[in-house]
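Q: return atomic coordinates for the entry below.
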Amino acid sequence: MHKDFIIIAGPCSVENEEQVLKTASALKKSIKIDFFRAGIWKPRTHPCEFEGIGHKGLEWLKNVQIDFNIPVITEAGSSFHVEKILLYDIKAVWIGARTVANPFSVQEIVDSIKGNNISVFVKNPIYPDIELWSGAIERFLNAGIKNIYAIHRGFYPFQKINMRNVPRWEIPIELARRFPDIKIICDPSHISGKKEYIKEISQKAIDLNMSGLMIEAHYNPELALSDKEQQLTPDELKQLIQDLNFRKTGKENPDFLVSLENLREKIDVLDFQMIDMMEHRFKLVDEIGKLKKENNVIILQLERWKKIIESRLKYANQDHISKEFLLKILQMIHKESIQRQNNIMNNTD
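A: Coordinates of the predicted model:
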């Protein structure tokens with residue numbers, strides 16, 4: 001594991017002093033972690049569910065920092081939370097998915113944190129809206145807060161799937177492009193929802209060059225008052241970390257870098273050729289749109305569309321490109337073609 005890789009671990013929520021100290025002690029013996037995580041306030045869908053122990057649990061978290069020399073991170077969803085957290089010298093906060101979806105709440109927290117030396121971890125919003133995620137990070141940056149991280153915890157799936165949330169890896173990848181200096185931590189516990197998927201998600205995050213993992217761990221998950229299905233024991237977490245493959249960046253191998261650059265140059269050429277071909281294709285689409293307008297013909301020609309799908313999928317070599325992927329590409333091109341012809345059809349100039 002790279003020395004800069006961040007491991008955050010601890011229970012979903014603070015339940016009692018014994019649970020906090022037992023879990024912290026077991027983690028200290030099992031694995032080196034950079035932050036001990038635990039929620040004090042738990043935003044739940046239904047009020048009858050366990051909603052956290054409240055700020056009295058901050059004293060127990062402070063003791064974790066003192067007794068085990070492990071910095072603590074907990075969730076802040078309001079200025080009230082921040083006020084209490086700062087009183088107990090907690091080293092970091094995370095901003096939850098529900099809170100990130102509300103810019104008013106984010107700004108309230110920014111104003112409360114501003115001027116304090118505390119690390120801030122910003123989770124992605126529940127729904128796959130990168131602008132909300134980016135905007136929340138920008139608010140902290142604009143306030144001069146320096147220690148900012150992003151947490152990828154997956155997105156609401158809209159339909160029943162095996163895991164709790166959908167990873168949508170392309171979104172944290174785009175966030176990394178927008179904020180190259182901000183480290184992105186993956187939360188495989190909330191993506192998975194079940195402990196059996198945590199290793200798979202963690203390995204994927206490592207392969208995508210994320211900077212750390214935030215994993216829920218409880219000294220006895222069966223006793224957990226929230227999210228027991230996705231919490232590991234400290235020993236299970238230790239084994240998980242040992243089983244993960246922390247791959248190299250390749251920068252230390254000159255021969256690899258030369259070969260990689262040669263292949264990338266070929267891809268660059270093909271990409272630009274592909275763009276040129278796409279531009280040429282859409283010019284033809286526009287000509288067809290003008291022809292349809294002149295002859296007062298409907299835009300969607302269903303038989304033609306069916307023929308395109310059947311012929312292109314048949315032509316493609318499945319060893320090189322999957323039919324599922326090709327179908328998505330064709331559908332995107334067709335959607336753009338329909339829109340272009342619609343603009344032509346309704347242009348009164």
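Q: list the contacts of Leu175.
A: Asn124, Ile130, Trp133, Ser134, Ile137, Ala150, Ile182, Ile184 (CB atoms under 8 Å, 6 or more residues apart in numbering). (Each C-beta comes from the backbone N, C-alpha and C, glycine too.)
Q: which ones are touching the fourth one?
A: Ser134 makes contacts with Leu175, Arg178, Phe179, as judged by CB under 8 Å, 6+ apart.
Q: so how far is Cys186 from the first one?
A: By that I understand Leu175. Distance, Leu175 to Cys186, using CB to CB, to the nearest Å: 12 Å.
Q: hmm, Val72 is touching Asp89, no?
A: No. Contact status for Val72 versus Asp89: not in contact, 9.1 Å apart, counting by CB atoms under 8 Å.
Q: more neighbours: which of those two?
A: Legend: neighbour count by other CB atoms under 10 Å for Val72 and Asp89, higher for Val72 (26 against 14).
Q: excluding sequence neighbours, find me the nearest residue to the more buried one.
A: Closest residue to Val72 apart from its sequence neighbours, by CB to CB, 6 or more residues apart in numbering: Leu61 at 4.6 Å.
Q: can I take it that the one you found is in a helix?
A: Yes. Residue state for Leu61 (DSSP: H, G, I helix; E, B strand; the rest coil) corresponds to a helix.
Q: quick one, what contacts it?
A: Leu61 neighbours (CB under 8 Å, 6+ apart): Val14, Val20, Phe36, Ala38, Ile40, Val72, Thr74, Tyr88, Ile90.
Q: repeat for Asp286
A: Arg340, Gln341, Ile344.
Q: let's see if you can find the most crowded of those residues.
A: Gln341 (21 neighbours).
Q: what segments of the protein are strands?
A: 6-10, 35-37, 72-75, 92-95, 119-123, 148-152, 183-186, 212-216 (DSSP state E).
Q: list of residues touching the last one?
A: Right, strand 212-216. 5-12, 34, 37, 121, 151, 153, 183, 185-189, 198, 202, 205, 227, 230-232, 237, 240.
Q: same check, this time on the second one
A: Strand 35-37 has contacts (CB under 8 Å, 6+ apart) with 6-11, 24, 27, 61, 64-65, 68, 70-74, 91-92, 94, 214, 216.
Q: coming back round to it: list only buried entries from the contacts of Leu175.
A: The neighbour-count test (16 or more other CB atoms under 10 Å) marks Asn124, Ile130, Trp133, Ser134, Ile137, Ala150, Ile182, Ile184 as buried among these.
Q: from Glu170, how far off is the second one?
A: Spatial separation of Ile130 from Glu170 under the definition CB to CB is 9 Å.
Q: ok, now the last one?
A: Look at Ile184 and Glu170: by CB to CB, they are 13 Å apart.
Q: and Gln242, by the same measure?
A: From Gln242 to Glu170 the distance is 30 Å (CB to CB).
Q: so what would you say the end-to-end distance of stretch 146-162 is?
A: End-to-end distance of stretch 146-162 (CA to CA, to the nearest Å): 37 Å.
Q: stretch 154-173 now?
A: Note: stretch 154-173 ends 13 Å apart using CA to CA.
Q: no further queries at this time; thank you.
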